[in-house]
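Participant: sharing a sequence plus its predicted fold:
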Number of protein chains: 2
Amino acid sequence: MPEPLMARLSSRQADFDSLLDALLAWDSVSDDAVASTVQHVLADVKARGDAALLEYTRQFDALDVSAMAELEFSQEQLLAALTRIDAAQREALENAAARIRHYHEKQVQQSWSYTEADGTVLGQQVRGMDRVGLYVPGGKATYPSSVLMNAVPAKVAGVAELIMVSPTPRGFVNDMVLAAAAIAGVDRVFAVGGAQAIAALAYGTESIPRVDKIVGPGNIYVATAKRQVFGSVGLDMIAGPSEILVVCDGKTDPDWIAMDLFSQAEHDEDAQSLLISPDADFLDAVAVSIERLLPDMERVDIIRQSLAGRGAMIHVADMDEAIALVNRIAPEHLELSVDQPEQYLADIRHAGAIFMGRHTPEALGDYCAGPNHVLPTSGTARFSSPLGVYDFQKRSSIINCSPAGAATLAATASVLARGESLTAHARSAEYRMAGDSDE
Amino acid sequence: MPEPLMARLSSRQADFDSLLDALLAWDSVSDDAVASTVQHVLADVKARGDAALLEYTRQFDALDVSAMAELEFSQEQLLAALTRIDAAQREALENAAARIRHYHEKQVQQSWSYTEADGTVLGQQVRGMDRVGLYVPGGKATYPSSVLMNAVPAKVAGVAELIMVSPTPRGFVNDMVLAAAAIAGVDRVFAVGGAQAIAALAYGTESIPRVDKIVGPGNIYVATAKRQVFGSVGLDMIAGPSEILVVCDGKTDPDWIAMDLFSQAEHDEDAQSLLISPDADFLDAVAVSIERLLPDMERVDIIRQSLAGRGAMIHVADMDEAIALVNRIAPEHLELSVDQPEQYLADIRHAGAIFMGRHTPEALGDYCAGPNHVLPTSGTARFSSPLGVYDFQKRSSIINCSPAGAATLAATASVLARGESLTAHARSAEYRMAGDSDE
């Protein structure tokens, strides 16, 4: 048997904790040169609007354009892309969109209120955001599935205007991406990208209206630009490398598990694939499957680097130990390739998405099962959730005191305000202590 | 009539838009010296844990302590504080906590799932976070109401361990704050503050366990520390100065409105109080009330600076124009001091909290009406919500495919994955296309 590609750990080895910590460690590199470039681009687009946006697009995307109108796709162009793609691809996109829409409709939150005995009304008004920007990376690594996963929940939330930006370097346009935008109901699409596109969305230009929130993945310039506009515009998570943690009881076909690990590893060299099992022989069997299957994979080099550099197989004593490790790792994707996976659900405290059973590989969730594929990475499932409709809705508290209710509340508010030496608060409340005498 | 304290604008004046923009502009100062100090403190506490935390506490809080045990309040100490405060204050705190708890219980989100015809189960598992840190500023501007507003929703969400940190400079302990912690069910309280306390919560030390999310207000060092640990730990919003926008039809007692404006202005010099009315005579009447009432206010100097520097009265043509301005400003607090405020609710798109009617001053919401007083500032109500139970819960997607369901989904996933050149994804899906033949 050859030297296995993936590192092998055992929870019993003395240095397991420190080895696991090293394996999971991920620091997003903060590059001063990138930060400084981005800062300049943001300030320039903020100050000069479309003129700066056009200059950067000519410079970075090698496009010969002189007016923003040349950089906007019309709805007719989106629909034309939809007719140009293969019928099977169109059907797959439409099927995926319908399933994603159906699932996300369950997440819509409604306004609510209740009336107290004295007539005071309390509640929350829930609304979709006015305008959202969706960043879609350009070039060949452009994912139509990502358009659906970001755009559909926004439209389900009731976002009035969804604006997509995606660079078209040297004029390369991805029909699948435009088709996905058409299916998802994206309102406007601009062929701009990079930090300059983030600036346009955050500040607005003559042609691109300012949005309330920006979502979608991007390269280091895009991620840095999002960090720098934080506060003035809402943001989704800034994602780290994608990861999967497969827990297997040893009874799944090892080829299936090998391919599930590959499917994560093929994203990029930094992606992380982990396999945990109480069955050491099964880990050996998966290693054999990996050796046999890997040479035939289209993205063999990326997979090899990812598995060798960041992958690991971890032997544990039993399933209890496996679930404890899941909670320690808080994986983006958790695959429970075991009998009766439901029995473990209540004990899983942290995971972005839980793929249950031998017939639920991550790939199904990535595309079309319905749940979102934008998930918390790098252990942030401890405090973050999958992208959802709730990320595109916001709430306003509703407080409508009856005169009698105000009089009662004012007595309490007055005591607490004076305790905090905020006497204008106290007096403002006390004016309402007379109840309805002034009505 | 003397020169009015608050600037007077009219929506009809030619330069109204630019004047309003200038009035609303707020840039949180990013000070390189502060950032560098904070970076050093964070790295030091991360590397040396309790030893560094003790050193900084001796240095910054002038406390003669040699062990972390001296810096933890026991539950007995919290309960002792509860018995030491005035009976009226205790009753007010308990009453406020009960109302806040009752309101926030309406926000609890439950896990959900549905089963498709082919047996596939989809849903989300919703859970409270494991451990949350609550920062409470020290010294005299310490607000027990803020303890309730942050701690109660976390406990309602089911957070297992809530850890409060609050500095006690020169040994000054605020009994009301400890009493509020006791009432809210805070699990542990440490007398540490500043960037060093944020570092302890974000990274953990020998004595203070690492938390999943940090909430609560703080000074510039605390806010900068929160920004720097962003990503490795969840955070609440980083708040700007507090603001109120009062819309009045001219029929409320002008003294009441003056005091409502004062109640915002007394927070600090940067706080913003705005009044909008279609009734110019009413604006004059409020100006007269301000002149008459201001000299007697305890915090007269702060109020005067705030109203003169950042306040304004805006005369509008009618209520339609008033509501349009509300949406443009997206205020933290909106007071609708008008007849039948319900008629405007559907048109208000952006506001942190909406105080409806003449008997609902902001002060009631600040303390005890029930809704949260932690609200989005500086126009971020366009995309943010009041602090709530939902900020302390998180979700995991649930996907459990039946063999038949997996076979159907795999067909779609395979087409889309091959369209994205992710063939390991495609093959992983295709392995499951045989449906239940392997069962």
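Facilitator: Sure, I can see it.
Participant: residues contacting the helix or strand bottoming out on mean pLDDT in chain A, please?
Facilitator: The helix or strand of chain A with the poorest confidence is helix A:220-229; it has a mean of 89 (mean pLDDT, DSSP states H and E). The list of residues contacting helix A:220-229 from outside it, by Cβ atoms under 8 Å, 6 or more residues apart in numbering or on different chains, reads A:28-29, A:31, A:34-35, A:37-39, A:41-42, A:135, A:137, A:193-195, A:197-199, A:202-203, A:214, A:218, A:235, A:238. Where C-beta positions appear, they are placed from N, C-alpha and C, glycine not excepted.
Participant: that one to helix B:220-229, inter-axis angle?
Facilitator: If you take axes from the mean of the first three to the mean of the last three Cα atoms, to 10 degrees, helix A:220-229 sits at 160 degrees to helix B:220-229.
Participant: buried sites along helix A:220-229?
Facilitator: Neighbour counts over helix A:220-229 (16 or more other Cβ atoms under 10 Å in any protein chain shown) mark A:Tyr221, A:Val222, A:Ala223, A:Thr224, A:Ala225, A:Lys226, A:Arg227, A:Gln228, A:Val229 as buried.
Participant: so after it, what's the next helix or strand?
Facilitator: Once the chain leaves helix A:220-229, the next helix or strand it forms, by DSSP states H and E, is strand A:234-235.
Participant: next secondary structure element downstream of that following strand?
Facilitator: Using DSSP H and E, the helix or strand that follows strand A:234-235 towards the C-terminus is strand A:243-248.
Participant: is the helix or strand that that following strand is followed by positioned near chain B?
Facilitator: Later in the chain than strand A:243-248, the nearest helix or strand by DSSP H and E is helix A:254-265. Yes: on the criterion Cβ under 8 Å from any Cβ of the partner chain, helix A:254-265 is in touch with chain B at A:Asp255, A:Trp256, A:Met259, A:Asp260, A:Phe262, A:Ser263, A:Ala265.
Participant: wait, the fourth one sits on A:Thr360?
Facilitator: Read that as A:Asp260. No: the pair A:Asp260 and A:Thr360 fails to qualify as a contact (Cβ atoms under 8 Å) at a distance of 9.9 Å.
Participant: would you mind listing the residues touching both of those two?
Facilitator: By Cβ under 8 Å, 6+ apart, the residues touching both A:Asp260 and A:Thr360 are A:Glu335.
Participant: can you pull the buried residues of the longest helix seen in chain A?
Facilitator: Using DSSP state H, we find that the single longest helix of chain A is helix A:87-105. Of the residues in helix A:87-105, those with enough neighbours to count as buried (16+ other Cβ under 10 Å) are A:89-90, A:92-97, A:99-101, A:103-104.
Participant: so which of the residues you listed reach chain B?
Facilitator: By Cβ under 8 Å from any Cβ, the members of these lying near chain B are A:Gln89, A:Ala92, A:Leu93, A:Asn95, A:Ala96, A:Tyr103.
Participant: relative to A:Tyr114, which of the residues you listed is nearest.
Facilitator: Comparing those against A:Tyr114 with Cβ to Cβ places A:Tyr103 closest, at 29.3 Å.
Participant: A:Gly352 versus the closest one, what's the distance?
Facilitator: 15 Å (Cβ to Cβ, to the nearest Å).
Participant: how many neighbours does A:Lys251 have?
Facilitator: The tally of other residues near A:Lys251 (other Cβ atoms under 10 Å in any protein chain shown) stands at 12.
Participant: and for A:Glu70?
Facilitator: So A:Glu70, with other Cβ under 10 Å, has 12 neighbours.
Participant: ok but it is inside a helix, no?
Facilitator: Yes: with DSSP: H, G, I helix; E, B strand; the rest coil as the criterion, A:Glu70 is part of a helix.
Participant: please name the nearest non-neighbouring residue to the residue positioned nearest the centre of chain A.
Facilitator: Nearest to the geometric centre of chain A sits A:Val374, at 3.2 Å (Cα atoms, centre = their mean). Leaving aside its chain neighbours, A:Val374 sits nearest to A:Leu387 (3.7 Å; criterion: Cβ to Cβ, 6 or more residues apart in numbering or on different chains).
Participant: against B:Leu24, how distant is the residue in the stretch 301-439 of chain A that chain B sits nearest to?
Facilitator: Of all residues in the stretch 301-439 of chain A, A:Phe383 sits closest to chain B, at 3.3 Å by Cβ to the nearest Cβ. Distance, A:Phe383 to B:Leu24, using Cβ to Cβ: 31 Å.
Participant: those two: which is more packed in?
Facilitator: Of the pair A:Phe383 and B:Leu24, A:Phe383 is the one with more neighbours under other Cβ under 10 Å, namely 24 against 18.
Participant: so the more buried one sits right up against B:Lys213, yeah?
Facilitator: Yes: A:Phe383 lies in contact with B:Lys213 (Cβ under 8 Å); the separation is 4.6 Å.
Participant: next, show the common contact partners of the two.
Facilitator: B:Met129, B:Val233, B:Gly234.
Participant: and the helix or strand encompassing A:Val286, average pLDDT?
Facilitator: Assigned by DSSP H and E, A:Val286 falls within helix A:280-293. In this model, helix A:280-293 has an average pLDDT of 98.
Participant: contacts only, for A:Ala239.
Facilitator: Contacts of A:Ala239 (Cβ under 8 Å, 6+ apart): A:Pro217, A:Val374, A:Thr377.
Participant: for those, which one is nearest A:Thr168?
Facilitator: Ranked by distance to A:Thr168 (Cβ to Cβ), those are led by A:Pro217 at 17.1 Å.
Participant: thinking again about what came up before, show the buried residues in the contacts of helix A:220-229.
Facilitator: Counted by 16+ other Cβ under 10 Å, the contacts of helix A:220-229 give A:34-35, A:37-38, A:41-42, A:135, A:137, A:193-195, A:197-199, A:202-203, A:214, A:218, A:235, A:238 as buried.
Participant: could you chop chain A up by domain?
Facilitator: Annotated domains of chain A cover A:7-26+A:241-369, A:32-235, A:401-430 [automatic domain parsing].
Participant: return the most buried member of the ones you listed.
Facilitator: Across the domains of chain A, the average number of neighbours (mean count of other Cβ atoms under 10 Å in any protein chain shown) peaks for domain A:401-430, which reaches a mean of 24.
Participant: contacting residues for the closest residue to A:Asn95 other than its chain neighbours?
Facilitator: In space, and not counting its chain neighbours, A:Asn95 is closest to B:Thr412: 5.0 Å by Cβ to Cβ, 6+ apart. B:Thr412 makes contact with A:Ala92, A:Asn95, A:Ala96, A:Tyr367, A:Cys368 under the criterion Cβ under 8 Å, 6+ apart.
Participant: so how far is A:Asp86 from the residue in the stretch 51-200 of chain A positioned nearest to chain B?
Facilitator: Evaluated by Cβ to the nearest Cβ, the stretch 51-200 of chain A has A:Ala92 as its residue closest to chain B, separated by 3.9 Å. Separation of A:Ala92 from A:Asp86 (Cβ to Cβ): 9 Å.
Participant: same question, A:Glu94
Facilitator: Taking Cβ to Cβ as the measure, A:Glu94 falls 12 Å from A:Asp86.
Participant: same thing with A:Arg58?
Facilitator: A:Arg58 is 33 Å from A:Asp86, where distance means Cβ to Cβ.
Participant: now stretch A:153-167: mean pLDDT?
Facilitator: If you average the pLDDT over stretch A:153-167, you get 97.
Participant: CA atoms of it as CSV?
Facilitator: Presented in CSV, the C-alpha positions along stretch A:153-167 are these (Å, rounded to 0.1, in the frame of the first residue of the first chain):
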residue,chain,number,x,y,z
PRO,A,153,-33.7,34.1,-1.1
ALA,A,154,-33.4,37.8,-1.7
LYS,A,155,-36.4,37.8,-4.0
VAL,A,156,-38.4,35.5,-1.7
ALA,A,157,-37.7,38.1,1.1
GLY,A,158,-39.4,40.7,-1.0
VAL,A,159,-36.2,42.7,-1.9
ALA,A,160,-37.6,45.3,-4.4
GLU,A,161,-34.5,45.7,-6.5
LEU,A,162,-31.7,43.1,-6.9
ILE,A,163,-28.6,44.4,-8.7
MET,A,164,-26.0,41.9,-9.9
VAL,A,165,-22.5,42.9,-10.8
SER,A,166,-20.1,40.5,-12.5
PRO,A,167,-16.9,41.3,-14.4
